[in-house]
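Participant: Mind looking at a prediction? Sequence and model below.
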Amino acid sequence: MSRYLIERLIFIVFLLCLIVFLNQYGFSYLWVTIPIILFVMYVAYNAFHLEQNFFLKSITQGVKGKKGIAITFDDGPNEKITPQVLAILEKHKVKATFFCIGNEVEKHPEIVKHLDAAGHTIGSHSYSHAKWIDFNTTKKWVEEIDKTNDVIHNVIGKTTRYFRPPYGVSTSHLANAIKRTKMLSIGWNIRSLDTMDNNVLEIVERSTHNLKDGCIVLFHDNLDWSCEVLEEFLVRVKKMNMEIVPLSNLIEEKAYEN
C-alpha cells in the first residue's frame, strides 16, 4: 500500500473524529476546512516530489555504495539537437539514458536507432507529454505507456522498462498505471533546470554543485543550449574525477525486458 493510501486513511479517521468533537461541543464545521486545505497542500507538494515516494516508488538515485553518476535526457528525440548531443557523448565516450516522447520517436525513428546502436538506453516519457497529462485517469495513463512502449519496440526491437513521469509529477492514477504495465518509475536527484534559463554556466553550476556518487542528473536534449551545457558539464565532471556510468549499472535494474 502506498504512503498516499495509508495517510489518506489516517486523515479520514482524523476528520471523522474532528467532526464528532465539533458536533459534541457545538463548534462550527468551518473548522473542518483548515485540515482539509492543509492536507490538499501536503498531497500537492508530494505529487511534485518523486523522491518522497508518496504515490509510487520511484528510483531517484543509485544503489547505495555504487560509484559513478548517470546522465539522463528528457523530451527528445529532437531532429536538430539530439544528433549533436549524441556526437558529444561519443567524443567523451559516455553512455546516457534518453527518456523519449512517443510521438517524437515516431517522427524521428532513425535518431532513436542511432542512439540505441551507440549503446545508449531508451526510456519512455509518455506518448504525448500533453500539458494536462497529469490529470489522466489510470486508463489514459496505461494507453500512453503502452503506446510509447510499442513505438519504441517497433524502432529498436526492445521493450523498455524505464518510465519517467512528465513534469516529474506523480498521481495515484499514474501509480496504478505503472503497476499494471510493470514499468519502473525513474526520477533524479540532480535537476539542471535547463528549461528555466539559457545561462550555460549557471546551469552547469547547479548540476555539479552537489554532485556525488549515485547521482542521477536530468538534462533535456531539445534546447538550443543543450549541447553547450553538456560539453561544459562533461569537462567539469572530468576535472572532478567523477565517472559517468550507464543508468542500469548505477541502479542495478535492467533497462529492457528479456
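Facilitator: Here it is on my side, so go on. Residues are numbered from 1 along each chain as shown.
Participant: Could you pick out the longest helix of the chain?
Facilitator: helix 3-25 (DSSP state H).
Participant: Okay, buried residues for it please.
Facilitator: For helix 3-25, a neighbour-count test (16 or more other CB atoms under 10 Å) marks Tyr4, Phe11, Leu18 as buried. (Each C-beta comes from the backbone N, C-alpha and C, glycine too.)
Participant: give me every residue that touches the last one.
Facilitator: Spelled out, it's Leu18. Trp31, Val32, Pro35 (CB atoms under 8 Å, 6 or more residues apart in numbering).
Participant: Which ones among those residues lie within helices?
Facilitator: Per DSSP H, these map to helices at Pro35.
Participant: mind giving me JSON lines with the contacts of Leu18 and columns for pLDDT and neighbour count?
Facilitator: Shown next, in JSON lines, are those (pLDDT from 0 to 100; neighbours: other CB atoms under 10 Å):
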{"residue": "Trp31", "pLDDT": "87", "neighbour count": "12"}
{"residue": "Val32", "pLDDT": "89", "neighbour count": "14"}
{"residue": "Pro35", "pLDDT": "92", "neighbour count": "14"}
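Participant: so how far is Ile244 from His92?
Facilitator: Noted for His92: a distance of 8 Å to Ile244, by CB to CB, to the nearest Å.
Participant: Who has more neighbours out of the two?
Facilitator: Taking other CB atoms under 10 Å, His92 and Ile244 do not tie; Ile244 has more neighbours (20 against 15).
Participant: next one: phi and psi at the more buried one?
Facilitator: For Ile244, the backbone dihedrals are phi -100, psi 120 (criterion: degrees, to the nearest 10).
Participant: just Gly123 next, same as before
Facilitator: phi -120, psi 170.
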